[in-house]
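Colleague: coords please:
(chains A, B, C and D)
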2 protein chains.
Amino acid sequence: MADDSSRKIKSIAASYRIVGKLQALDGAGVTELAEQMDLGKSTVYQYLSTLHDEGYVVKRGHTYHLGLKYLHHGMYARNERPVVDLAQPSLETLVDETGEVGWITCEDHGKLVTLDSMVGEHDINEKFRGQVGNREYLHAHAGGKAILAAYSDDRVTDIVESHGLPVYTEHTITDRERLFDELDRIREEGVAFNDEEAIRGYRAVSAAVTQGEETVGSITIGGPKNRLNGEYYQEELPSLIRGAINEIELRGSVESPWN
Amino acid sequence: MADDSSRKIKSIAASYRIVGKLQALDGAGVTELAEQMDLGKSTVYQYLSTLHDEGYVVKRGHTYHLGLKYLHHGMYARNERPVVDLAQPSLETLVDETGEVGWITCEDHGKLVTLDSMVGEHDINEKFRGQVGNREYLHAHAGGKAILAAYSDDRVTDIVESHGLPVYTEHTITDRERLFDELDRIREEGVAFNDEEAIRGYRAVSAAVTQGEETVGSITIGGPKNRLNGEYYQEELPSLIRGAINEIELRGSVESPWN
DNA sequence: GCCGTTCGTTCGACAATGCCGAACCGCCGG
DNA sequence: CCGGCGGTTCGGCATTGTCGAACGAACGGC
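Modeller: The predicted structure is shown next:
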């Protein structure tokens, strides 16, 4: 593995390695970066000043930080995802009705990306609030499993092979067979659950959003286990989510009819 | 101009040119991009597949689109800006009180970047709503002028020289002398106005947010001219904004005392 | 059902250019 | 005044980004 002898432009890969490190370190200086990445000080400097000229990096004193041009591209990419506009109104009313936390997510390069999150009246442990842009593993979240269940088995296998099934809690699904069983169950029931599989004490219910034939993301309602339990968790929320999905797909087909 | 003979890594600059075009075209194919940028088809292909491997670009059918990794970096860069957490609570109450639209903005590479926007009860023409990540000229917006007024004249001159003073409406400030006069006025009064300088029919009031000695951004309240006029526009909003700034800077100095 | 077109993709070879070490400069503390 | 630690500049070698040409797959019209 890690072959990547395929024709890649090394400097682009290197530039993003630097960008990632810059983010991980909350900003850094030339020397520090050069040491951490086994690159010449002058090389790192050249990368950073190129990125600076292009506006993707800012200098504060003697340390470099990520610039806000990434926000421009990122929000553009977010808004381009149809699931955002499709799901927002229905999910918002769902959040108002339940008071829980709502999420709009989609898949990107085998990860589950948070596109939007809205908090209901039960404002909650900060832990459970969603950060837009966060990238999580698909298999450990309700929204991710809902999306995987909408994909073909081949596509799921590809994703599992390239990302693995890392463990978060004792409830995380960590082997492939159990995952496929779970996905079959989700395909039958139409909703996915997350029962403390990512964070202890946190549960969620989710379903995939499709536009035409394509799966474009998922919506999720989540909250603490002490409130999400019994019939509310097992029946009421799933039924509300299914209703919202229904509403969303109706609107979707009205907005772009016969397409 | 456009000298850029300075030691830059050409492939990084080129990769971001491609990323920008990809955004401008709402996704594009290899051939289309190659034509628009005067590059070999194979060259563009190599860039795109590198960016794809790195996860910064997604393929949908035969067209490439921006990926969501930019959202990850972008939201990180946004959240790192201290003005977001500092200003959010005070601005939110201000928006609730007035019912207008509120903005949190900051400067990045000579542009005014929207970090957050919140709509009050007078939900408004979509035109006036703020898109997070948007990059505007500083001189044509209340938030931008408030920031410029907090900078030194040298710094302002640098920005004006590299970005110019493009015209939006007949009220836009387009010459340097008038800009500096306006900035002096803002320094005295403590608030900046935007009287149809960016969009016809749109007015706004703003003030800069500082943390310690550093200007970290600005907060703005804006809305349609027919509501923002008379004493409300000239006295009441400025006084509310000044109050919010006061509150923000008190909290800022409490959170990081004696620093 | 074939051929023409158009797209994305692969490959090889040359020259441009990314990369590094070494030297330079400005700042700070002793 | 000096040593150490940052960021920055510069020259030259070898790497590698670049392009043209050729390939394969998908599509559509005669």
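Colleague: any idea how far chain B is from the closest residue to DNA strand D within the stretch 1-150 of chain A?
Modeller: Per Cβ to the nearest atom of the strand, residue A:29 is where the stretch 1-150 of chain A lies closest to DNA strand D, at 2.2 Å. For every residue, glycine as well, the C-beta is placed using N, CA and C. Distance, residue A:29 to chain B, by Cβ to the nearest Cβ, to the nearest Å: 16 Å.
Colleague: for the residue of the stretch 151-259 of chain A found nearest DNA strand C, grab the count of nearby residues.
Modeller: DNA strand C sits closest to residue A:158 of the stretch 151-259 of chain A, with a gap of 15.6 Å, by Cβ to the nearest atom of the strand. A count of nearby residues for residue A:158, using other Cβ atoms under 10 Å in any protein chain shown, gives 13.
Colleague: residues contacting residue A:62?
Modeller: residue A:29 (Cβ atoms under 8 Å, 6 or more residues apart in numbering or on different chains).
Colleague: could I get the phi/psi values of it?
Modeller: phi -100, psi 20 (degrees, to the nearest 10).
Colleague: same question for residue A:25.
Modeller: Torsion angles, degrees, to the nearest 10, at residue A:25: phi -90, psi 0.
Colleague: hmm, stretch A:203-216 in reach of chain B?
Modeller: No. Counting by Cβ under 8 Å from any Cβ of the partner chain, chain B is not contacted by stretch A:203-216; separation bottoms out at 9.1 Å.
Colleague: residue contacts, residue A:79?
Modeller: Going by Cβ under 8 Å, 6+ apart, residue A:79 touches A:85, B:131.
Colleague: in which helix or strand does it reside?
Modeller: Residue A:79 belongs to helix A:69-80 when assigned by DSSP states H and E.
Colleague: buried set for that helix?
Modeller: Residues of helix A:69-80 classed as buried: A:69, A:70, A:71, A:72, A:73, A:74, A:75, A:76, A:77, A:78 (neighbour count, 16 or more other Cβ atoms under 10 Å in any protein chain shown).
Colleague: could you do stretch A:26-43 as well?
Modeller: A:27, A:28, A:29, A:30, A:33, A:34, A:39, A:43.
Colleague: would you mind listing what in chain A touches DNA strand D?
Modeller: Within chain A, the positions near DNA strand D by Cβ under 7 Å from any atom of the strand are A:7-11, A:29-32, A:41-42, A:45-46, A:48-49, A:59, A:62-63.
Colleague: go with 6 Å
Modeller: For chain A, the contact set with DNA strand D under Cβ under 6 Å from any atom of the strand comprises A:9, A:10, A:11, A:29, A:30, A:31, A:41, A:42, A:45, A:62.
Colleague: between these, which is nearest residue A:96?
Modeller: residue A:29 (47.3 Å; Cβ to Cβ).
Colleague: before we move on, back to that, so of the buried residues of stretch A:26-43, which ones are in helices?
Modeller: The members of these that map onto helices under DSSP state H are A:30, A:33, A:34, A:43.
Colleague: so which residues make contact with the helix or strand encompassing residue A:45?
Modeller: In this structure, residue A:45 sits in helix A:41-53 according to DSSP H and E. Residues outside helix A:41-53 that contact it (Cβ under 8 Å, 6+ apart) are A:11, A:14-15, A:18-19, A:30-31, A:33-34, A:37, A:57-59, A:64, A:67, B:4, B:6-9, B:12-13.
Colleague: tell me the pLDDT of the closest residue to DNA strand C within the stretch 51-200 of chain A.
Modeller: Residue of the stretch 51-200 of chain A nearest DNA strand C, by Cβ to the nearest atom of the strand: residue A:62 (9.3 Å). Residue A:62 is assigned a pLDDT of 88 by the prediction.
Colleague: and what of residue A:206?
Modeller: pLDDT, read off for residue A:206, is 98.
Colleague: before we move on, what about residue A:69?
Modeller: pLDDT for residue A:69: 97.
Colleague: contacts only, for it.
Modeller: Residue A:69 sits next to A:54, A:55, A:56, B:108, B:109, B:135 when contact means Cβ under 8 Å, 6+ apart.
Colleague: got a winner among those residues for most neighbours?
Modeller: residue A:56 (24 neighbours).
Colleague: I'd guessed it sits against residue A:70; true?
Modeller: Yes. Using Cβ atoms under 8 Å, residue A:56 is in contact with residue A:70, at 6.6 Å.
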